[in-house]
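Participant: predicted structure and sequence below. I'll ask about it afterward.
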Amino acid sequence: MTRHPMHSWIRRAFGLLSLAVLWPLEGCTHDLLQVTNPDIIQDANTPSGAIALKNGVILRLEQVTAGLGGNGPDNLFIYSGLLADEWRSGDTFVQRNDMDQRLFDPTNTFLAGPFRALNRVRVQGQTTIAQLRTYSPTPASNIGLMFAVTAFVPG
């Protein structure tokens, strides 16, 4: 089956038309790519910066307790349940089951991430308490919340 010469002409015309329509949009891409990053606190030494730190601590605690770090069942409740014999097995990974059996293997790095995440909550909570006291002392419940979060996370 041979192509009709008109097909290639239509294809070229469509390509040129597309290029003509999209060419003016090329100047807009510079503005599109200039995005401010909303999750980076520019200045924590302000009342809004202290509140942003508080919100970050709550998010980190949620990630630690809900296992939202992307590593499967890596959360505070699973590991504390394995250690306290509430759970028999975390899953099929031998590295997670070693905790239930109290086996220590120095090459087991499965606990490094959750332990680091717990410490980040605790340390960030302590930093946020100081920032809230200095820059946003009211309502005092925010400071109390940070004390509660810091106490909830083992250190």
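Facilitator: That came through, no problem.
Participant: where do the strands sit along this structure?
Facilitator: With DSSP state E as the definition, the chain shows no strands.
Participant: least confident secondary structure element in it?
Facilitator: The least trusted helix or strand in the chain, going by mean pLDDT, DSSP states H and E, turns out to be helix 29-33, with a mean of 55.
Participant: so where do the helices sit in this protein?
Facilitator: Listed in chain order, the helices of the chain (DSSP state H) span 5-22, 29-33, 47-66, 76-83, 94-100, 112-135, 140-152.
Participant: how about a markdown table for the ones you listed, with distance to Pro106 and mean neighbour count added?
Facilitator: In this view, the C-beta of every residue, glycine as well, is placed from N, C-alpha and C. Formatted as a markdown table, the helices of the chain follow (distance: least, CB to CB, whole Å; neighbours: other CB atoms under 10 Å):
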| stretch | distance to Pro106 | mean neighbour count |
| --- | --- | --- |
| helix 5-22 | 57 | 10 |
| helix 29-33 | 45 | 8 |
| helix 47-66 | 24 | 18 |
| helix 76-83 | 18 | 17 |
| helix 94-100 | 11 | 17 |
| helix 112-135 | 11 | 17 |
| helix 140-152 | 29 | 16 |
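Participant: among those, which comes closest to Ile40?
Facilitator: Nearest to Ile40, of all these, is helix 47-66, at 9.5 Å by CB to CB.
Participant: from the contact counts, what lies against that closest one?
Facilitator: Secondary-structure packing of helix 47-66 (3 or more CB pairs under 8 Å, 6 or more residues apart in numbering; DSSP states H and E): helix 76-83, helix 112-135, helix 140-152.
Participant: least reliable of those helices by average pLDDT, please.
Facilitator: The minimum mean pLDDT among the helices and strands packed on helix 47-66 belongs to helix 76-83 (a mean of 69).
Participant: from Asn55, how far out is the spatially closest residue to Pro137 that is not a sequence neighbour?
Facilitator: With sequence-adjacent residues excluded and distances taken as CB to CB, 6 or more residues apart in numbering, Pro137 is closest to Ile143, at 7.2 Å. Applying CB to CB, to the nearest Å, the value for Ile143 to Asn55 is 14 Å.
Participant: all set, thanks.
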